[in-house]
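# Sequence below, structure please.
(one chain, ligands or ions: 2)
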Amino acid sequence: MKLADSHSYFEEAMRSRLLLTGLILIIATGVDAQNTSRSGRTVAEAKVFVDSAEQRLRELWVRSSRASWVQNNFITDDTEALAADAQKDVTAASVAFAKGAARFDGVKLPYEIERKLKLLKLSLTLPAPSNDNDQQEVTQIAVSLESDYGKGKFSTQNGTVYTLNDASRVMATSRNYDTLLLMWKGWHEVARPMRERYTRLAKLTNKGAKELGFADVGSLWRSNYDMPPGEFAKEIDRLWLQVKPLYDALHAYVRTALAKEYGKGKVERGGRIPAHLLGNMWAQSWLNIYPLVAPPSGDPGYDLTKILQERKATEEDLVHIGERFFVSIGFDPLPASFWTRSLFRKPQDREVICHASAWSIDFHDDLRIKMCIEVNDEDFQTIHHELGHNFYQRAYNGQPLLFQGSANDGFHEALGDAVALSLSPEYLQQLGMISTVPDASGDLGLLMKMALDKVAFLPFGLVVDQWRWKVFSGEISPNEYNSSWWSLREKYQGVQAPVERTEKDFDPGAKFHVAGSVPYTRYFISTILQFQFHRALAREMGHTGPIHRASIYNNKRAGEKLKAMMAMGQSRPWQEALEALTGEKQMDASAIVDYFAPLKRWLDEQNKGQKVGY
Ligand code: X8Z
Ligand code: ZN
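Ligands and ions are numbered 1, 2, ... in the order given. As a prediction, this is how the structure comes out:
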């Protein structure tokens, strides 16, 4: 047992006794033993409680991570069962700890203990009611949905079989309306069988959330932002309104370009865009249609995908380049085990979950990524995203277990992306990827590419959880799952289903994070935050000139600033972490809006006389 240094003999004795008796009983049975409740209201008892919870959770989380890693990398009925079993133990213990933590409500406690108790109550994404059958069902459904997404395939009439990676490649490159439709329809078929299980999962986890004192699962998720859940929802609305004019301008311009490409009958000028024409299965990043919308007189003059492919860069090469960036700003190189244990390429002989992810298996230095890398611009960025997770995980590994997380979940998502904002032409030239740096006349093209990725993403970053929050609250009932999904996508993204949909479909399940139960608002926040981070780091470096040309490559000062924030983990409210890095206490979309201001001016010019909005 790990002993903290400043305990009295009494505390240690208490800890051992409780560990061996009361707490094990609580964990094993979910029963809150009556005779611990009175003594459980002292500071000493609270400390013993959180210490032992951390110790037990560490064991369970590591075991469950290993099982999940194997299931993700080798999907079979057996690995699914093993992963679900391990997750069930985590769920059972976490539910018991969350209930145990509530016994200290109202007790005046030192900040660190109080925060840990709060985090214990929020630790489960999918809470389950505290009985064995329900816990088993929740974890089994959750794992099976994730696996089904990973195994998802469809075939076209001529018998060609497509995985998501195959279909995504076609969607990135084809400009044939019907081919794109085939890919879109095929992949969305894969989600249909998920509907019933998803309905059941929502019902059971809601019951679990209520047992823990939350109105529903959505409310539990929204409670993890160091402010009341209702206020957080308002923050999100505020940020969306800050960026909406920028999105609307991009949307209108892209719609006009697509109407030219596909014909007015296919893309109505002034209306919503068919969701399959934007170069991406979910229309969440439009980077791949850059050639269709490139500003005529503003091309940066290089195409990173082409360069990487012409140079025959391997998947590992891209990861090495990413690692080198982090090392250049002062991070230690990744451990040798990262290179032997990670998955970089889609295996041909087994089923895997290809959706990119980053892991810290042991909360120390067993860092890995799992990603079916395609050698292109988009995945080059995603590699930086994933490595950002790994370097964050390592930066806070000195924190107590319950503080080993990012300031809020958006910070974890933002870190690597903020670094990737520094993959400027100047940096690419230093790498030897391009020979000349485009002058200012290329800026419009650079900004357009970036906007197709980041600005286009914003409403999708909202939609997924706007839908799930309403599903969990009951505002959306199972018989309107699909229609409400499309109402939200129409409202926020201004895209529409390319063919008629019915309630037999379950289109939300065609997105990994719905099938895999990963909250999504984090990516919306991340898109706002990463520009705040970038702006602050550019300031820190004394960067003059346009912000989109700033790169922190090789800048140790910027690295130090990042590290200090990352090392805080989740030990303090996220507002303090944000302030440590940026001097700002609020999420603020002015950073992303200012970054794209020159492009916005140009888009407004182009959109003159056209309808903006949908
Ligand atoms: O899921 C991811 C990462 C892993 S956390 C690859 N992202 C979201 C997505 O793919 O939908 C990054 C951008 C948004
Ligand atoms: Zn991520």
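# So Val319 sits against His384, correct?
No - using CB atoms under 8 Å, Val319 and His384 do not qualify as a contacting pair, with a distance of 9.7 Å. Every C-beta, even on glycine, is put in place using the N, C-alpha and C of the backbone.
# Go ahead and name everything in contact with stretch 137-153.
Applying CB atoms under 8 Å, 6 or more residues apart in numbering, the set of residues contacting stretch 137-153 from outside is 71-72, 75, 80, 83-85, 87-88, 91, 126, 128, 161-164, 187, 190-191, 193-194, 197-198, 200-201, 204-205, 208, 351-355, 509, 512, 515-517.
# now do 6 Å
75, 80, 83-84, 87-88, 91, 126, 128, 161, 163, 190, 194, 197, 201, 204, 351, 353, 512, 515-517 (CB atoms under 6 Å, 6 or more residues apart in numbering).
# Stretch 306-313 too?
Where contact means CB under 6 Å, 6+ apart, the residues beyond stretch 306-313 that reach it are Val375, Met433.
# Which positions within it qualify as buried?
Of the residues in stretch 306-313, Leu308, Ala313 count as buried by neighbour count, 16 or more other CB atoms under 10 Å.
# which SSE is Ser422 in?
Secondary structure assignment for Ser422, by DSSP states H and E: no helix or strand.
# Can you report phi and psi for it?
Taking degrees, to the nearest 10, you get phi -90, psi 10 for the backbone angles of Ser422.
# From Leu578, how far out is it?
According to CB to CB, to the nearest Å, Ser422 and Leu578 sit 19 Å apart.
# Spit out the contact partners of the residue in the stretch 201-350 of the chain that ligand 1 sits nearest to.
Among the residues of the stretch 201-350 of the chain, Gln284 lies closest to ligand 1, at 6.0 Å counting by CB to the nearest ligand atom. If a contact means CB under 6 Å, 6+ apart, then Gln284 has Phe457, Phe460 as its contacts.
# got it, and the one 3 residues further on?
For Leu287, the contacting residues are Glu378, Leu452, Asp453, by CB under 6 Å, 6+ apart.
# And Glu80, by the same measure?
Contacts were defined as CB under 6 Å, 6+ apart; by that measure Glu80 touches Gln71, Val143, Ser147.
# How much space separates the last one from Leu82?
Right, Ser147. Applying CB to CB, one obtains 12 Å for the distance of Ser147 from Leu82.
# And Leu447, which helix or strand is it part of?
Leu447 is located in helix 443-473, with elements delineated by DSSP H and E.
# at contact distance from ligand 1, anything in that helix?
No - shown here: helix 443-473 not in contact with ligand 1 (CB under 6 Å from any ligand atom), separated by at least 6.9 Å.
# number of nearby residues for the nearest residue to Asp85 once chain neighbours are set aside?
Residue nearest to Asp85 in three dimensions, not counting chain neighbours: Ala67, with 7.3 Å by CB to CB, 6 or more residues apart in numbering. When neighbours are defined as other CB atoms under 10 Å, Ala67 has 22 of them.
# and if you look at the one 10 residues further on?
When counting by other CB under 10 Å, one arrives at 9 neighbours for Asp77.
# just for the chain, where's the confidence low?
For the chain, the stretches with pLDDT under 70 are 1-40.
# Name the single longest helix found in it.
helix 229-262 (DSSP state H).
# next structured bit after that helix?
Past helix 229-262, the next helix or strand by DSSP H and E is strand 273-274.
# And the contacts of that next one?
Contacts of strand 273-274 with the rest of the structure, by CB under 6 Å, 6+ apart, involve Arg255, Val495, Pro498.
# Excluding chain neighbours, what is closest to the second one?
Distance criterion CB to CB, 6+ apart; nearest residue to Val495, sequence neighbours excluded, is Ala275 at 4.2 Å.
# next one: the last one
Excluding its sequence neighbours, the residue lying closest to Pro498 (CB to CB, 6+ apart) is Pro274, at 4.2 Å.
# Can you pull the residues of the chain lying near ligand 1?
Applying the criterion CB under 6 Å from any ligand atom, the portion of the chain that neighbours ligand 1 consists of Gln284, Ala356, Ser357, Thr382, His385, Tyr523.
# what about 5 Å?
Proximity of the chain to ligand 1, by CB under 5 Å from any ligand atom, involves residues Ala356, Tyr523.
# that older thread, and the gap between the residue nearest to Pro498 and Gln140?
Applying CB to CB, one obtains 37 Å for the distance of Pro274 from Gln140.
# The two - which one has more neighbours?
Each of Pro274 and Gln140 has its neighbours counted (other CB under 10 Å); Pro274 has more, 22 against 19.
# In the stretch 101-250 of the chain, which residue sits nearest ligand 1?
Taking CB to the nearest ligand atom, the stretch 101-250 of the chain has Ser168 as its residue nearest ligand 1, at 10.9 Å.
# State the number of residues packed around Leu109.
Residues lying near Leu109 (other CB under 10 Å) number 18.
# Correct me if wrong: Gln399 contacts Gly569.
Yes - using CB atoms under 6 Å, Gln399 is in contact with Gly569, at 4.0 Å.
# So if I had to pick from these two, which one is more boxed in?
When neighbours are counted by other CB under 10 Å, Gly569 comes out ahead of the other of Gln399 and Gly569, with 24 against 16.
# and that one, what does it touch?
With CB under 6 Å, 6+ apart, Gly569 has these contacts: Tyr396, Gln399, Phe403, Gln404.
# where does the residue lying closest to it once chain neighbours are set aside sit relative to Arg572, distance-wise?
Counting by CB to CB, 6+ apart, Tyr396 is the residue found nearest to Gly569 once chain neighbours are left out, at 3.3 Å. Taking CB to CB as the measure, Tyr396 and Arg572 are separated by 12 Å.
# Ramachandran coordinates for whichever residue of the stretch 251-400 of the chain sits closest to ligand 1?
Among residues of the stretch 251-400 of the chain, the one nearest ligand 1 by CB to the nearest ligand atom turns out to be Ala356. It sits 3.9 Å away. The phi and psi torsions at Ala356 (degrees, to the nearest 10) take the values phi -60, psi 140.
# Identify the residues contacting it.
Shown in contact with Ala356 (CB under 6 Å, 6+ apart): Met371, Thr382, Glu386.
# Next, count neighbours for the first one.
Which is Met371. For Met371, the tally of surrounding residues (other CB under 10 Å) stands at 24.
# Val217: what's it in contact with?
With contact set as CB under 6 Å, 6+ apart, Val217 has these partners: Thr205, Asn206, Ala209, Phe472.
# Among these, which one lies nearest to Lys99?
Within the contacts of Val217, proximity to Lys99 (CB to CB) peaks at Ala209, which comes in at 12.5 Å.
# So that closest one is in contact with Thr125, correct?
No - taking contacts as CB under 6 Å, Ala209 lies outside contact range of Thr125: 10.5 Å.
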